[in-house]
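Peer 1: generate coordinates for the sequence data below:
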Amino acid sequence: MRRLLAPLAEPVTYSRWVHLVVPMTLVSVWLFIEPGLPWQLALLAVPLGLLPVTRTREGVQAQLLLTPRERGRADATISVASAKSWGEKWRTVLWLELRLLLSIVVGTATVWLPLMAIELARAATSGGTSSKGIFHLVEPRPWYAALTPLPLLLLLVLVVLCGRLSTAVARRLLGPSRAERVAALEELTEQLLERNRIARELHDSIGHALTVSVVQAGAARTAGDPEFTRRALVAIEETCRAALDDLERVLRVLREPGASTDRRPTLIAVEQLLDSARGSGVDVDAEVAGHVDRLPAPLSREGYRILQESLTNALRHAGRVPVRVRIAIDEHHLELDVRNPLAEAVLRPAGGHGLQGMRERAKLLGGSARAGPREGEWQVHVRLPLQQRG
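Peer 2: Just a heads-up that it's a prediction; the model follows:
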């Protein structure tokens with residue numbers, strides 16, 4: 001019983017009802033002009049449906065009233081694009097004809113079934129001919145009162161069934177074409193990639209800043225040297241300022257999807273990144289072979305983040321240990337190699353997403369990333385092609 005009554009509690013049932021009876025208003029006006037079946041409207045639907053903009057207009061109405069939960073979504077089952085092929089135009093014509101037919105059925109029922117319920121109530125309390133001529137009774141029939149709800153229940157059942165039928169037909173006739181589905185899939189993919197990219201940016205930037213700050217603060221607390229404490233506080237301040245700039249940039253991208261991302265750090269700033277790690281008390285031995293200023297911007301940005309995450313992992317899991325960094329650039333590849341003494345903490349798989357983010361960045365650029373123990377050291381080795389595949 002609950003399943004039968006559930007559709008009556010859904011707002012979409014009544015928005016579909018509105019969608020079904022809207023064309024009936026046009027039919028009613030037409031009947032004042034030309035009594036009889038509105039076959040002229042059926043003929044008028046043919047040239048109207050062949051107009052490309054009609055598909056957009058009908059799609060917007062159908063999304064709004066038949067499938068409101070899908071409104072504005074890229075994967076909506078009802079398209080709001082204009083008709084671009086003759087197949088889409090003729091499907092729009094067929095949709096208009098079927099919508100007109102369903103509207104006549106539901107619109108007529110919406111008027112006459114409630115009237116029938118009223119007449120049943122009158123017949124139950126008084127005799128004679130009913131006001132609409134539906135019943136001819138000599139005396140009242142009280143048992144008719146039990147029949148009074150039936151026309152209303154029939155109307156509600158008809159509305160639910162016709163609403164579902166209209167939605168299914170709209171999805172079939174006004175649904176997105178194959179090209180539109182591909183475009184929607186590409187848009188969803190782009191959104192997912194953008195969310196993953198933003199998550200990696202926040203993880204790498206904020207994670208690095210917090211790790212460096214924790215290490216600096218711990219070192220300053222145990223050093224007992226005022227000068228060292230001053231340098232540590234300065235390093236913490238600079239690191240946190242850079243993290244705040246990154247956070248503001250990412251939030252701006254979230255608020256304004258078209259905002260520029262050119263301010264992201266690149267490998268040109270590799271010395272500042274290394275100095276930040278050195279300021280935490282880590283002995284960083286760096287070797288740069290090649291011109292980092294000649295790297296393509298996307299490659300340079302992702303390389304910076306990979307190196308940043310590698311240093312962060314070294315600080316977080318191994319502490320203040322010597323770290324060797326090698327950056328090699330030739331005509332075809334950029335190679336990043338970061339090594340540090342292997343600590344017991346990294347013998348177990350890490351629970352974070354840093355290594356996964358490195359691999360994702362490398363894969364998106366057509367390269368490879370490898371991280372793990374090697375000859376008593378923890379090694380991160382990344383190889384990225386300079387020529388990106390189109």
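Peer 1: CA only for contacts and neighbour counts going forward, please
Peer 2: Fine.
Peer 1: give the rounded mean pLDDT of stretch 170-189.
Peer 2: Averaging pLDDT along stretch 170-189 yields 74.
Peer 1: let me fix that, I meant to ask about stretch 236-243.
Peer 2: Rounded mean pLDDT across stretch 236-243 is 77.
Peer 1: who's in contact with it?
Peer 2: Residues outside stretch 236-243 that contact it (CA atoms under 8 Å, 6 or more residues apart in numbering): Ser205, Ile206, Ala209, Leu210, Val212, Ser213, Gln216, Ala217, Ser276.
Peer 1: widest-spaced pair of those?
Peer 2: Ser205 and Ala217 (18.2 Å; CA to CA).
Peer 1: looking at these two, which is more packed in?
Peer 2: Ser205 (22 against 18; other CA atoms under 10 Å).
Peer 1: give me the element that one is part of.
Peer 2: helix 178-223 (DSSP states H and E).
Peer 1: and what about Ala328, helix, strand or coil?
Peer 2: Look at Ala328: counting by DSSP: H, G, I helix; E, B strand; the rest coil, its state is strand.
Peer 1: so it touches Leu295, yeah?
Peer 2: No - the pair Ala328 / Leu295 is not scored as a contact, 11.4 Å apart, by CA atoms under 8 Å.
Peer 1: quick check: chain neighbours aside, which residue is closest to Ala286?
Peer 2: Val325 (4.6 Å; CA to CA, 6 or more residues apart in numbering).
Peer 1: name the SS class of that neighbour, please.
Peer 2: strand.
Peer 1: quick check: beta-bridge partners of it?
Peer 2: With DSSP bridges as the criterion, Val325 is bridged to Ala286, Val338.
Peer 1: test my guess that it contacts Ala277.
Peer 2: No - the criterion here is CA under 8 Å, and Val325 misses it with Ala277 at 11.5 Å.
Peer 1: quick one, which of the two is more surrounded?
Peer 2: Ala277 (27 against 21).
Peer 1: give me the element that one is part of.
Peer 2: helix 270-278.
Peer 1: for that helix, the distance to its chain's centre please.
Peer 2: 37 Å (CA atoms, centre = their mean, to the nearest Å).
Peer 1: elements contacting that helix?
Peer 2: Applying 3 or more CA pairs under 8 Å, 6 or more residues apart in numbering; DSSP states H and E, one finds that helix 270-278 contacts strand 284-289, helix 297-313.
Peer 1: output the last one as PDB - backbone C-alpha positions only.
Peer 2: To tie it back to what came earlier, the one meant is helix 297-313. The C-alpha trace of helix 297-313 is given here as PDB (Å, rounded to 0.1, in the frame of the first residue of the first chain):
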ATOM      1  CA  ALA A 297      55.100  25.400 -18.300                       C
ATOM      2  CA  PRO A 298      52.800  22.400 -17.500                       C
ATOM      3  CA  LEU A 299      55.900  20.200 -17.200                       C
ATOM      4  CA  SER A 300      57.700  22.700 -15.000                       C
ATOM      5  CA  ARG A 301      54.600  23.100 -12.700                       C
ATOM      6  CA  GLU A 302      54.000  19.400 -12.200                       C
ATOM      7  CA  GLY A 303      57.800  18.800 -11.700                       C
ATOM      8  CA  TYR A 304      57.800  21.400  -9.000                       C
ATOM      9  CA  ARG A 305      54.900  19.700  -7.200                       C
ATOM     10  CA  ILE A 306      56.500  16.300  -7.500                       C
ATOM     11  CA  LEU A 307      59.700  17.500  -6.000                       C
ATOM     12  CA  GLN A 308      57.800  19.300  -3.300                       C
ATOM     13  CA  GLU A 309      55.900  16.200  -2.300                       C
ATOM     14  CA  SER A 310      59.200  14.200  -2.400                       C
ATOM     15  CA  LEU A 311      60.900  16.600   0.100                       C
ATOM     16  CA  THR A 312      57.700  16.600   2.200                       C
ATOM     17  CA  ASN A 313      57.700  12.800   2.500                       C
END
